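Engineer: structure for the following, please:
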Amino acid sequence: MLIQIVWRLCRVYPGKTKEIGDNKTYKATLRAYKTSDFHRFRLPFMRKLYFLAPRIAFSFPVQLFLNNIQRNQILMVCWVILFTMITGSFGKLLGIPYLFLDPEYLNEVNFRSFFIMGTAVAGFTMAFHITCYIVDGHRFTFIAAL
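Structural biologist: You can find the predicted model right below:
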C-alpha cells in the first residue's frame with residue numbers, strides 16, 4: 001500500500017517534445033504532481049522521502065560503513081566481540097559484562113574506574129579510526145584535504 005502511494009505521488013507523466021541544440025528533438029519528461037493526489041492521501045512528505053533515500057544511501061558515513069563491512073571484516077569482528085561482551089551474549093559465565101557496566105578499581109566503583117574504562121574504549125575507537133584511515137585513505141582522497 002505504501003509503495004503504491006509513493007508511486008502515485010512521484011510518477012512521471014509523459015512530457016512535451018522540444019527542440020534542443022542541433023535541431024534534435026528530444027522527448028522531455030516533466031514531473032507533474034497532481035494536487036488532488038496530495039490532498040487525497042495527505043502525505044506531502046512522501047515526495048521528500050522518495051528523493052531523500054538515495055541521498056542517505058550514498059552519503060559518506062553510510063558508504064564508509066559499507067566499505068568497512070566489505071573490506072575490513074577483521075576490524076568489524078573486534079567491534080562485534082566488544083558489543084557482545086557488553087550486552088552479555090559472550091562471557092556471561094565469567095562476568096565479563098560486569099567489567100564494562102560496573103568497573104572496579106581498587107575494589108571500588110567510582111569516577112576513576114569509569115574514567116579508566118572510558119579511556120580504554122576511547123583508545124580502542126581511535127585505533128580503529130586510524131587503522132581504517134591508513135588502510136582505506138586512498139579510496140577517499142578528499143579526506144586528506146580536510
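Engineer: mind listing what's buried along the longest helix belonging to the chain?
Structural biologist: Across the chain, the helix with the greatest residue count (assigned by DSSP state H) is helix 111-136. When burial is assessed from 16 or more other C-beta atoms under 10 Å, helix 111-136 yields the following buried residues: 113, 117, 128, 132. C-betas here are computed from N, CA, C, even on glycine.
Engineer: check which helices and strands it sits against.
Structural biologist: Applying 3 or more C-beta pairs under 8 Å, 6 or more residues apart in numbering; DSSP states H and E, one finds that helix 111-136 contacts helix 60-71, helix 73-87.
Engineer: out of those, flag the one nearest K48.
Structural biologist: Nearest to K48, of all these, is helix 60-71, at 18.4 Å by C-beta to C-beta.
Engineer: convert that closest one to PDB, retaining C-alpha atoms only.
Structural biologist: Listed in PDB are the C-alpha atoms of helix 60-71, where the atom choice follows Å, rounded to 0.1, in the frame of the first residue of the first chain:
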ATOM      1  CA  PHE A  60      29.700   9.400   3.200                       C
ATOM      2  CA  PRO A  61      29.000   7.800   6.600                       C
ATOM      3  CA  VAL A  62      26.900   5.100   5.000                       C
ATOM      4  CA  GLN A  63      29.400   4.500   2.300                       C
ATOM      5  CA  LEU A  64      32.300   4.300   4.800                       C
ATOM      6  CA  PHE A  65      30.300   1.800   6.900                       C
ATOM      7  CA  LEU A  66      29.600  -0.400   3.900                       C
ATOM      8  CA  ASN A  67      33.300  -0.100   2.900                       C
ATOM      9  CA  ASN A  68      34.400  -1.300   6.300                       C
ATOM     10  CA  ILE A  69      31.900  -4.200   6.200                       C
ATOM     11  CA  GLN A  70      33.200  -5.100   2.700                       C
ATOM     12  CA  ARG A  71      37.000  -4.700   3.200                       C
END
